[in-house]
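1. My questions concern the predicted model and sequence given below.
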Number of protein chains: 2
Amino acid sequence: MVWMFGIEIWEKMIPVRMMRKMVWERSMNKLSRGLSSSQIRKPRPPSLVSLDLIDEWSSTFTHSHSPPIQKSTVNNDSARIIDGRSAAEEIKSSIAVEVSRMKESIGKVPGLAVILVGQRRDSLAYVRNKIMACHEVGFRISIAELPESCTEDDVCDALSNYNKDASIHGILVQLPLPQKSLEQHFDEGKILNVLSLEKDVDGFHPLNIGNLAIQGREPLFIPCTAKGCIELLLSSDVEIVGKRAVVIGRSNIVGLPTFLLLQRHHATVSIVHAYSENPEVITREADILVAAAGVPNLVRGSWLKPGAVVLDVGINPIEDPESEHGYRLIGDVCFEDAVRIASAVTPVPGGVGPMTVAMLLLNTLEAAKRALCFT
Amino acid sequence: MVWMFGIEIWEKMIPVRMMRKMVWERSMNKLSRGLSSSQIRKPRPPSLVSLDLIDEWSSTFTHSHSPPIQKSTVNNDSARIIDGRSAAEEIKSSIAVEVSRMKESIGKVPGLAVILVGQRRDSLAYVRNKIMACHEVGFRISIAELPESCTEDDVCDALSNYNKDASIHGILVQLPLPQKSLEQHFDEGKILNVLSLEKDVDGFHPLNIGNLAIQGREPLFIPCTAKGCIELLLSSDVEIVGKRAVVIGRSNIVGLPTFLLLQRHHATVSIVHAYSENPEVITREADILVAAAGVPNLVRGSWLKPGAVVLDVGINPIEDPESEHGYRLIGDVCFEDAVRIASAVTPVPGGVGPMTVAMLLLNTLEAAKRALCFT
């Protein structure tokens, strides 16, 4: 299995990830005057549903190579560091206890299946983390590895098999699926539609998202990163009701569900994205800021309200000759600035990341309990 | 049929609607110090999904009885009045043309079915408007009237019949369903789940909402009021991409879908609700403001950014001895203030309301074309 590469894969990963992020096709100034043709995915008639634009953050906001604020000028005591790693460990411990109880009581354990298409290096690393976490808590885990050359039908067949497998309670398709070419690619929507709702532990099925959005309804599963963010806020005693919350980034897997969940918790929520004019003006109003743009150091001190609580979802590898592997991971938030200005901040790594994995385990445990009528 | 009462029903309606809105159980000051027990719908363990609170706007924001700004001080020429009535007429005319073409070509017309439970006076008025609009454009319309004493199964049976009826292409259940008592009420979610997705012309099914929320997916139907709002913005040449939009109110039928649709059009959107602290600070930042709180004159001049585009979704009857029927309809926005400060504003009545009905017809036409493979 390829994830034996271990953590070294990050090293080779950098150019790919950096290149992807550094295709800055426009500046915010250009945006305010009008959109370039390259931003419009494909020509189509004006639609009431949406204008089809690609989210790419302006180069104005790439700070990954600007020098960090000198440590000597930073008051490291000012912001509380929200320790996602220890919070996740605590959750995993209680999951392990539940798994033991389940095993003793009915002789079964929760089962998670992961479908991995191709060998995207970041996907391999994420899958490897999930395998380790499953082993830690005593889950059964099954991986279906499919070559990049496989068809949509192959993926759907693997899904159908897991749908029928009574020992599997949660299934996830590791996203993003590899893009074969501009013309030929996997239809994520079509594939996810095959996934049994009761096993959709990522919570990405549109029915789950719809039920998360609609007041008075309950989704079967809450997407893991959004759930991890709220869990960190609640366990850190951060007041949410009525507070201004801003989510940076509007991806289907993080930004959107985090918005919906914060809104359910009665925050006053705004979503900032690549087309937002003057995003820093909006983020400066945030009592709670969730950064999930995938842009290293996007959020500097000038973007923060003094005393804000900052959750950094970004995991961006950047070159660093002084580090052991020649790179280090940084978030979307300039940590040194946040420590100075915010009242609490999650570090990268060791913040939201471990919580996401813990929430996946929690969702799978819930799915297993539901399927096995175990309380 | 009871809608023969005609427009007079509004007169009797006032006390009911006013009473519903005037149960102000708290002030915003109280909110910032903590929540009263009456605001929590039912005791339940802390949940990651949400804290179960009832949306009730503070009495601080009830301006319905405060005197309007004197006409003499208002510059009536400053804001463009967005004429929803004539925009809706235009859309209905083109729908009528399509219906004629369909009838001539395949001998069929779009069919809309409405399920009406009980005799809520506002519901009767809304249903009456829909019947008139269907007649105008040449749709077939069928109404299932059920007594308030009927069961959930009765409603589901009526729905199932319409699901099977090939002459019906769109079905809606007139909301809200009457509440029998605190303990016994209709489960809207359960009832809407029975509705065939292909006939859900209101677009309220969670799968439709999920597909509206998720980037890259397309819902079968966009909820009518949200669609009407965007249609008005587009037809008025209002720039949306990158602009600050604020939606006041987060109902499942207006606020939520309007947020989602504005977000798809790349506005930077915030939702303000009854628990938002200092809502006027947020609304003052809005280039586009959609007011859908159901509170008469909630939005005064101090809530508006000069030059903003204001869409007023509220339809609130208030007493007015000088009016023919002793009452008049006003919106959530103080129109006199908006005319002075905004660059464009929808009136009430004659703004978003007629567009909502036009969009229902458009959704039903789309449903019929899809079902009949008519292009």
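-> Nice, thanks for sending it over. Numbers count the residues shown, from 1 in each chain, chains lettered A, B, ... in the order given.
2. Show me where chain A has its helices.
-> Listed in chain order, the helices of chain A (DSSP state H) span A:9-21, A:28-33, A:84-106, A:121-137, A:152-164, A:188-194, A:206-213, A:224-235, A:255-264, A:279-283, A:335-341, A:352-372.
3. correct me, but residue A:282 touches residue A:272?
-> Yes. Assessed by Cβ atoms under 8 Å, residue A:282 is found in contact with residue A:272 at 5.4 Å. For every residue, glycine as well, the C-beta is placed using N, CA and C.
4. Which of those two has more residues huddled nearby?
-> residue A:272 (27 against 23; other Cβ atoms under 10 Å in any protein chain shown).
5. Tell me how far the more buried one lies from residue A:133.
-> Distance of residue A:272 to residue A:133, given as Cβ to Cβ, to the nearest Å: 31 Å.
6. Also residue A:293?
-> In terms of Cβ to Cβ, residue A:293 sits 26 Å off from residue A:133.
7. Kindly report the same for residue A:304.
-> Separation of residue A:304 from residue A:133 (Cβ to Cβ) stands at 32 Å.
8. out of those two, which sits in the busier spot?
-> Neighbour comparison, residue A:304 and residue A:133: the larger count goes to residue A:304, with 24 against 20 (by other Cβ under 10 Å).
9. so what's that one up against?
-> Shown in contact with residue A:304 (Cβ atoms under 8 Å, 6 or more residues apart in numbering or on different chains): A:283, A:284, A:286, A:289, A:310, A:337, A:338, A:341, A:342.
10. Got the confidence number for it?
-> Residue A:304 is assigned 98 on the pLDDT scale.
11. Could you do residue A:340 as well?
-> 96.
12. what do you get for residue A:51?
-> On the pLDDT scale, residue A:51 is placed at 59.
13. How about residue A:63?
-> pLDDT, residue A:63: 51.
14. Residue A:117 too?
-> 96.
15. and it, what does it touch?
-> A:146, A:147, A:148, A:150, A:155, A:173, A:174, A:177, A:178, A:186 are the contacts of residue A:117 under Cβ under 8 Å, 6+ apart.
16. which one is the fourth one nearest to, not counting chain neighbours?
-> Closest residue to residue A:150 apart from its sequence neighbours, by Cβ to Cβ, 6 or more residues apart in numbering or on different chains: residue A:117 at 6.4 Å.
17. Tell me where the model's unsure across chain A.
-> A:1-54, A:57-77, A:181-184 (pLDDT under 70).
18. What separation do you get for the closest residue to residue A:83 other than its chain neighbours and chain B?
-> In this structure, residue A:83 finds its nearest non-sequential neighbour in residue A:350, 6.9 Å apart by Cβ to Cβ, 6+ apart. Distance of residue A:350 to chain B, given as Cβ to the nearest Cβ, to the nearest Å: 21 Å.
19. Ok, residue A:314 next?
-> Residue A:314 sits 19 Å away from chain B, going by Cβ to the nearest Cβ.
20. Around that residue, how many other residues sit close by?
-> Applying other Cβ under 10 Å, we find 25 residues neighbouring residue A:314.
21. Equivalent analysis for the one 10 residues further on, please.
-> Neighbour count of residue A:324, defined by other Cβ under 10 Å: 9.
22. Let me know the distance separating the residue lying closest to residue A:327 once chain neighbours are set aside from chain B.
-> Setting aside the residues directly before and after it, residue A:327 is nearest to residue A:317 in space (Cβ to Cβ, 6+ apart), at 4.9 Å. For residue A:317, the distance to chain B equals 25 Å [Cβ to the nearest Cβ].
23. doesn't residue A:329 make contact with residue A:317?
-> Yes. Between residue A:317 and residue A:329 there is a contact at 5.5 Å, judged by Cβ under 8 Å.
24. ok, those two, which is more surrounded?
-> Ranked by neighbour count (other Cβ under 10 Å), residue A:317 and residue A:329 place residue A:317 first, with 21 against 18.
25. could you measure that one against residue A:179, distance?
-> Distance from residue A:317 to residue A:179, by Cβ to Cβ: 20 Å.
26. returning to that earlier point: out of the contacts of residue A:117, who has the most neighbours?
-> Counting by other Cβ under 10 Å, residue A:173 has the largest number of neighbours within the contacts of residue A:117, with 24 neighbours.
27. May I have the beta-bridge partners of the closest residue to that residue other than its chain neighbours?
-> Of all residues not flanking residue A:173 in the chain, residue A:115 sits nearest, at 4.7 Å (Cβ to Cβ, 6+ apart). On the basis of DSSP bridges, residue A:115 is bridged to residue A:144, residue A:173.
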